[in-house]
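# I need the structure of the sequence given here:
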Amino acid sequence: MPKILRVNMTTKEVKFEDVPEKYAALGGRGLTSQMVLDDVPPTCEPLGEFNKLVIAPGLLSGTNAPSSGRLSVGGKSPLTGGIKESNAGGISSQKLGSMGIKAIVIEGKPSEKGSYMLKLSEEGAELVAADDLAGKGTYDVTKICRERFNDKVAVITIGPAGEMLMPSAGLTNNDTEGNSSRYAGRGGLGAVMGSKGLKAIVIDCNKTFDAPVQDSDAFKVAAKKFTKILLDHPVCGQGLPAYGTNVLMNIINEAGALPVRNFSKGRFDKANDVGGEKLAEVAKERGGKATHACHPGCVMRCSNVYPMPDGKVCAPIEYETAWCFGPNLEISDLDVVAKLNYICNDVGLDTIEAGCTLGVLAEAGVIAFGDGEAAIKALEEVEKGTPLGRIIGGGSAVAGKAFGITRVPAVKGQGIPAYDPRSCKGNGVTYATTPMGADHTAGYAVTANILKVGGHVDPNKSDGQVELSRNLQVATAAVDATGLCLFVAFAVLDNPEGVPTIVEMINAQYGTELTPDDVIALGQQILKVEREFNAKAGFTKADDRLPEFFTTEVLEPHKTKFDIKDEELDEVFNF
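As a prediction, the model looks like this:
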């Protein structure tokens, strides 16, 4: 029977509990958000004893459903002050699903100083002292744990940024090759883990696809069909497997929606130098991998392994990271981008937030746009815990306040990712209204706005953007509950058999009789839960807005502004 593992950091009690009926049909984001609403006081201090960190595999995780190994991490965000679900690949989710662990709940707060490790295996779970890991980067922690136990373990860990309780700290887990870079990066949940005194979680389990399936024959048929749906799609089966997520760099640049120089213009004349095609070329030349699976069972393989000149490996450089350390800072050197990425991975910072923050520092004149060495030097201050390092670790909104900068691309305190909302207006609606703070994955309108997947909505016009974002936010919440990778949406949106096939897999696994309408209802319910938490935390309609400069400054080359009216934004969640 599935269990919830509850870890009390105040009493050091570790216990398994039966899954309440209320949570039996939930997984991933659906479970983390519901548990946060139920158990975390919305007005509590995010780094205090009453916040909880909830880690949950998706409904399909632990099975051989294609690309189903995503992990959800939830809690109250120290960055936004609202609810947060951050999503990661890696090997942890499949192992937890195979072990029958519905969720891990980290609660309480130790009264004494010290670092702890949660060791989880098929024999049980225990909390042990881990002072020897304190202050170490995530790469060292992962290496030490794999050497101490075995090279098959999954290691969820935080870096020094999380230990120093920096609001943009993330938590990472490793891929099958031991790369400690599969991040639940957004929202500062690494700081929540750090506030609990928990440095690492080690999952020692050799199983990967061992979750129970009630009708294995029906499941195999549905999984095979879903694999074909994915691989037959030009994005999922061709673009992503060839060049990874960074295939988007030149596409978004051509569309005039690439944020350049802290969101000052929409095209970068050197975008190709940091794009997916160039990355693949260099990675292969150096013995790396142009594409790579971030978790077992992934058929799209949109990650990568990039060897750096110093002999270290950065795995991966995703599009959003290449953007924020590249065009956003007017840097066109992939090795500089990789170095900045590696520093974030090791110290434990969300790369998107770090890049947005460096953009604000460049706006303030603390570093210069285009100066890669200055960006590296500034980011290295984070591990030292210097005043500048703590400002960077505090995120873009904190940096703006510290240096008196008002052109800060953030919503609800979280930095806006790699699509300018003035020329990708569907994403602008998502950034403004999602309960998560500015988050491209919450309702990825790039699909219809730019890639013409699932139809086409002109990215430079306001018509249809609210409906597009609404539908995608609902669909995404449901996908996040399954453990499926968000990128399955490209194929699902273009194939009428996509959603029914996902439902077939869930029904075969759990013996249920769900319909596609139930999937829509699940997505809507998750968003209602998250908005209820935020409302109780004090959020209002005024928080569902983009920064002022997006509505007043014209973006080249299309001479666009974000012109969707406030009253239209207020209608996004009128289901």
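# what sits against residue 364?
For residue 364, the contact set (C-beta atoms under 8 Å, 6 or more residues apart in numbering) comprises 399, 403, 404, 405. Using the backbone N, CA and C atoms, a C-beta is placed for each residue, glycine as well.
# how near is the third one to residue 360?
Between residue 404 and residue 360 the distance, using C-beta to C-beta, to the nearest Å, works out to 11 Å.
# Keep only those of the contacts of residue 364 that are in helices.
Residues of the contacts of residue 364 located in helices (DSSP state H): 399, 403.
# got TSV for the contacts of residue 364, with distance to residue 326, neighbour count and pLDDT too?
Formatted as TSV, the entries for the contacts of residue 364 read as follows, by distance: C-beta to C-beta, whole Å; neighbours: other C-beta atoms under 10 Å; pLDDT from 0 to 100:
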residue	distance to residue 326	neighbour count	pLDDT
399	19	27	98
403	22	15	98
404	26	7	98
405	21	20	98
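# can you tell me which two in the contacts of residue 364 are farthest apart?
Using C-beta to C-beta, the two most remote members of the contacts of residue 364 are 399 and 404, lying 10.3 Å apart.
# What is the nearest of the contacts of residue 364 to residue 457?
So of those, ranked by how close each gets to residue 457 (C-beta to C-beta), first place is residue 405, at 32.4 Å.
# Could I get the contacting residues of that closest one?
If a contact means C-beta under 8 Å, 6+ apart, then residue 405 has 360, 363, 364, 399 as its contacts.
# residue nearest the centroid of the protein?
In the chain, the C-alpha closest to the average C-alpha coordinate belongs to residue 87, at a distance of 4.1 Å (C-alpha atoms, centre = their mean).
# what helix or strand is that residue on?
Remark: residue 87 resides in strand 83-88, with elements defined by DSSP states H and E.
# which residues touch that strand?
Counting by C-beta under 8 Å, 6+ apart, the neighbours of strand 83-88 from elsewhere in the structure are 29, 32-33, 36-37, 70-77, 170, 172-173, 182-189, 435-437, 441, 480, 486, 530, 533-534, 537.
# Who does it pair with, and is each partner parallel or antiparallel?
Next to strand 83-88 in the sheet, as set by DSSP bridges, lie strand 71-76 (antiparallel).
# quick one: the most far-flung residue of the chain relative to its centre from residue 225, how far?
Among residues of the chain, the one most distant from the C-alpha centroid is residue 217; the distance is 33.0 Å, by C-alpha atoms, centre = their mean. Computed with C-beta to C-beta, the distance linking residue 217 and residue 225 is 13 Å.
# I'd like to know which of the contacts of residue 405 is nearest to residue 558.
Nearest to residue 558 out of the contacts of residue 405 is residue 363 (C-beta to C-beta; 22.5 Å).
# my guess is that closest one contacts residue 262, does it?
Yes. At 5.0 Å, residue 363 and residue 262 qualify as touching, with contact defined as C-beta atoms under 8 Å.
# which neighbours do these two share?
residue 407.
# which residues touch stretch 487-496?
Contacting residues not belonging to stretch 487-496 are listed as 66-67, 226, 229-230, 232-233, 235-237, 240, 300, 302, 444, 447-448, 451, 453-455, 472, 475-476, 479, 498-499, 502 [C-beta under 8 Å, 6+ apart].
# Can you turn the buried part of these into a ChimeraX selection?
Only the buried members of the contacts of stretch 487-496 end up in this ChimeraX selection, burial being decided by 16 or more other C-beta atoms under 10 Å:
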select :66,67,226,229,230,233,235,236,237,240,300,302,444,447,448,451,453,454,472,475,476,479,498,499,502
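# and the closest residue to residue 449 other than its chain neighbours, what does it touch?
Nearest residue to residue 449, sequence neighbours excluded (C-beta to C-beta, 6 or more residues apart in numbering): residue 459, at 3.8 Å. Applying C-beta under 8 Å, 6+ apart to residue 459 gives the contacts 255, 257, 423, 424, 425, 426, 449, 450.
# again with residue 50
Applying C-beta under 8 Å, 6+ apart, one finds that residue 50 lies in contact with 40, 41, 44.
# what's the helix or strand for the last one?
Spelled out, that is residue 44. Following DSSP H and E, one finds residue 44 outside all helices and strands.
# residue contacts, it?
With contacts taken as C-beta under 8 Å, 6+ apart, residue 44 has the following neighbours: 50, 51, 76.
# Check the secondary structure at the first one for me.
When states are read from DSSP: H, G, I helix; E, B strand; the rest coil, the local structure at residue 50 comes out as coil.
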